[in-house]
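Student: just a sequence and a predicted model for now, questions to come.
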2 protein chains.
Amino acid sequence: MIEFVKKAKAASRLVATLRDDVKQRILREMAAALRSETAAIVAANQKDMAYAEEAQLSGALKDRLLLDEKRIDAMATALEEIAALKDPVGRILEGWINPNGLKIEKVAVPIGVIGVIYESRPNVTSDVAALCFKSGNVAILKGGKEAIHSNEAIAAVLQKVLLANNLPKEAIAMLPDATREGVDQLIKMDQYLDLIIPRGGEALIRHVNANATVPVVKHDKGLCHIFVEKTADLGKATPILINAKTQRPGVCNAMETLLIDEAIAASYLPEVKKAFDAKGTELRGCEATAKIIAVKPATEEDWHTEYLENILSIRIVSGLDAAIEHIATYGSGHSDAILSKDYEAIESFLNRVDSAAVYANASTRFTDGGAFGFGAEVGISTNKLHARGPMGINELTTYKFKVTGEGQIR
Amino acid sequence: MIEFVKKAKAASRLVATLRDDVKQRILREMAAALRSETAAIVAANQKDMAYAEEAQLSGALKDRLLLDEKRIDAMATALEEIAALKDPVGRILEGWINPNGLKIEKVAVPIGVIGVIYESRPNVTSDVAALCFKSGNVAILKGGKEAIHSNEAIAAVLQKVLLANNLPKEAIAMLPDATREGVDQLIKMDQYLDLIIPRGGEALIRHVNANATVPVVKHDKGLCHIFVEKTADLGKATPILINAKTQRPGVCNAMETLLIDEAIAASYLPEVKKAFDAKGTELRGCEATAKIIAVKPATEEDWHTEYLENILSIRIVSGLDAAIEHIATYGSGHSDAILSKDYEAIESFLNRVDSAAVYANASTRFTDGGAFGFGAEVGISTNKLHARGPMGINELTTYKFKVTGEGQIR
């Protein structure tokens, strides 16, 4: 293990200084190789599918796992898109000349070796590998065991292209010991590893965070709220609520709790109920809500819950301050919105709610790298440090100061 | 303890939204209060000095601990300087309008609650408290036990000003349980604490890093190198070497190891020895060095050692690649310099050496917030993530995305 991680570290010094035209060419060669090796990847995926069948995984999980020609082509296209992104390395973020004549440039550089722990979908393997490579980093990938044959086949295709370009195969590496013990070793190797990104269930993230000595950028849960303030344009509000909850209930930027200003609760809630009933959404409400519309009773537990399903909790609040207080107490700092026409209420909400993304009069569903215009994303960070919210390739860089002088001393 | 940290978290929501004119006024009031309470602070400091005497601390440590009228005035002046810095909160770092009309602003916001663990010098208490306050954060301070009376007296003065301005005293807080156990509790409170900054010995930093669930920005050791390449202007090189080693040997940006190109070793080393002998520097050299000048033999241990004293290790290397390899193997990623007139050698060194600050033809001693022009510094980060190198008040902020729309849905 230690030998493997040392090799990855050594590879990172090579990858860090590759010119962008070289990185672009290699990524396009990888895309072509994925397409030409489709049969081998599908064959490996069949082994995972057979295991999934045996283990009686759900239909949804099996669908996430499945690779076919079309999906492999989409993976290849994603690699070509990542190749075309502007190189994040070498950007001069700031620069100045000091009174003593020293020139100081703050320059974006790769982070180094990045461990990414993820689950299910095998396309993450090629996406994350390509994002790390484009940003001059070495990726150490650890996918779910249910996708192990698919992931290994994809990594093998990418590594063949690395070798053909005289780069070590450890520049895109699968963790050799993909057990819990292997992960536990990896996250303590701060001498060689620069960053760990855990994507997945809460238990995994908590475990990694509690045990890692390597810095962690978490991709944790999204318990997102929308607060309908009393001046909101209700004609626009309803489509936003429906979109935020039902367009894709299983994602982290979907709404979980609706907060309604008590001044409009009695008149507006029946309309809300009608719209959600049409989408088959299960509604759970506070006591005051239950007096206005028919809902299951919401418990304290509900306010803490990221359903990731077509379920919505509803709470009537006394106004802006109570809404902000609820979000501070129960929110996960991911994405929260206010729907309002009141300038001061909007400003106050946007400034006081401490979340990665705060919205006025739009759906929380926009919090992702694609919708933000980053081109591709590693994920959505729930960290406050280093990267917050959608993480694109720029967020896979750090910086150094280049200081050039002509003999300056203190 | 949990109640205390909860109060600090609550206070952070107030401090985060203070306008800069208010923060400036309060910081200036704190400066005035430090001056008018000088007698009380000196009295408290006397208790620490008596303990230092009893515990037979070294003269250097006692000097670091001592507070007198002049030093307290300097602390007050530092507060006034911090007050005058440009507010780092609310800076719009980026902003754009998406094709669908959504306006996205990436805005600097305070991190929240920051725990700072430090040693010896009591002026750090007011400096760090002010830097955190100016950047809209709440500081939880944990100084060394040898300075506990001084630190408590200083914090009490600052808190009195907070209370007079209707702010909770927990906005600048001393850790109530300043034992090892107290620290161990604090660093696991990731629900309330957003960042831990350990400044101090290696053992402390390693302990915090291994046990914290709160994100850590380390202020670790500086094992800095200067490589004198064969084309260097030796007339400029010698003053740089002397400055980097001897101006203040006890600081993290001082040079510890000198790497010399073998092409100039025989001719240049005698001049180096003469210059360092005049400064009383102890020289330790590799075998090849020992054949040219009289030095103590350097062992493998020396290349790993941050002396923090007037001791220098010297190694002759075969050229640029060997120098970079040595730094990659033994360096701490803090500050490293090349002295050269060769354009390609300089570019290669600056690009390939993976340190927070890389220098051409200047002393490594410039790596600090003051010398970089940041105005004041929390310290010098040896992290790669979030903040690298000198940390000013801008580095005490994170960001959020403010997204404003007019009914957009996906």
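Tutor: Received, thanks.
Student: please make it C-alpha for all contacts and neighbour counts, starting now.
Tutor: Noted.
Student: now the stretch 1-150 of chain A against chain B: closest residue?
Tutor: Using Cα to the nearest Cα, residue A:111 is the residue of the stretch 1-150 of chain A that sits closest to chain B, at 6.8 Å.
Student: residues contacting residue A:225?
Tutor: By Cα atoms under 8 Å, 6 or more residues apart in numbering or on different chains, the residues touching residue A:225 are A:255-259, A:327, A:331, A:335-337.
Student: so which pair among those is furthest apart in space?
Tutor: Spatially, the most separated pair among those is A:259 and A:335, at 13.9 Å (Cα to Cα).
Student: between these two, which is the more surrounded one?
Tutor: Neighbours were tallied for residue A:259 and for residue A:335 using other Cα atoms under 10 Å in any protein chain shown; the higher tally belongs to residue A:335 (30 against 26).
Student: show residues contacting stretch A:12-26.
Tutor: Contacts for stretch A:12-26 (Cα under 8 Å, 6+ apart): A:83-84, A:87, A:109-110, A:112-113, A:133-138, A:161-162, A:165, A:167, A:171, B:351-352.
Student: other residues contacting the helix or strand where residue A:50 lies?
Tutor: In this assignment (DSSP states H and E), residue A:50 forms part of helix A:38-54. With contacts defined as Cα under 8 Å, 6+ apart, helix A:38-54 is touched by A:62, A:65-69, A:72, A:146-150, A:153-154.
Student: just the buried residues from those, in PyMOL please.
Tutor: Restricted to buried positions by 16 or more other Cα atoms under 10 Å in any protein chain shown, the PyMOL selection for the contacts of helix A:38-54 reads:
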select buried, chain A and resi 62+65+66+67+72+146+147+148+149+150+153+154
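Student: okay, the contacts of helix A:38-54 in TSV with distance to chain B, pLDDT and secondary structure next?
Tutor: Conversion of the contacts of helix A:38-54 to TSV gives the following (distance: Cα to the nearest Cα, whole Å; pLDDT from 0 to 100; DSSP: H, G, I helix; E, B strand; the rest coil):
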residue	distance to chain B	pLDDT	secondary structure
A:62	26	91	helix
A:65	25	93	helix
A:66	26	95	coil
A:67	26	96	coil
A:68	27	96	coil
A:69	28	97	helix
A:72	26	97	helix
A:146	29	91	helix
A:147	30	94	helix
A:148	30	94	helix
A:149	33	96	helix
A:150	31	97	helix
A:153	32	97	helix
A:154	29	98	helix
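Student: of the contacts of helix A:38-54, which pair is most distant in space?
Tutor: Pairwise distances among these were taken by Cα to Cα; the largest, 19.8 Å, belongs to A:69 and A:146.
Student: how about the residues of the stretch 151-300 of chain A by chain B?
Tutor: Residues of the stretch 151-300 of chain A lying close to chain B (Cα under 8 Å from any Cα of the partner chain) are A:194, A:209-213, A:215-216, A:236-237, A:239-240, A:243-244, A:247.
Student: quick one: mean pLDDT over stretch A:325-336.
Tutor: Taken as a whole, stretch A:325-336 has an average pLDDT of 96.
Student: any part of that stretch near chain B?
Tutor: No: using Cα under 8 Å from any Cα, stretch A:325-336 stays clear of chain B, with a minimum separation of 9.3 Å.
Student: for that stretch, how far is the first residue from the last?
Tutor: 13 Å (Cα to Cα, to the nearest Å).
Student: okay, stretch A:75-90 in PDB with CA atoms only?
Tutor: C-alpha atoms of stretch A:75-90 as PDB (Å, rounded to 0.1, in the frame of the first residue of the first chain):
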ATOM      1  CA  MET A  75     -18.700   8.800 -20.700                       C
ATOM      2  CA  ALA A  76     -16.300   9.300 -23.700                       C
ATOM      3  CA  THR A  77     -18.100  12.500 -24.600                       C
ATOM      4  CA  ALA A  78     -17.800  13.800 -21.000                       C
ATOM      5  CA  LEU A  79     -14.000  13.200 -21.300                       C
ATOM      6  CA  GLU A  80     -13.900  15.300 -24.500                       C
ATOM      7  CA  GLU A  81     -15.800  18.000 -22.700                       C
ATOM      8  CA  ILE A  82     -13.400  18.000 -19.800                       C
ATOM      9  CA  ALA A  83     -10.500  18.100 -22.200                       C
ATOM     10  CA  ALA A  84     -11.800  21.300 -23.700                       C
ATOM     11  CA  LEU A  85     -12.200  23.100 -20.400                       C
ATOM     12  CA  LYS A  86      -9.800  26.000 -19.700                       C
ATOM     13  CA  ASP A  87      -6.700  24.700 -17.900                       C
ATOM     14  CA  PRO A  88      -7.100  25.600 -14.200                       C
ATOM     15  CA  VAL A  89      -3.400  25.300 -13.600                       C
ATOM     16  CA  GLY A  90      -1.100  28.300 -13.900                       C
END
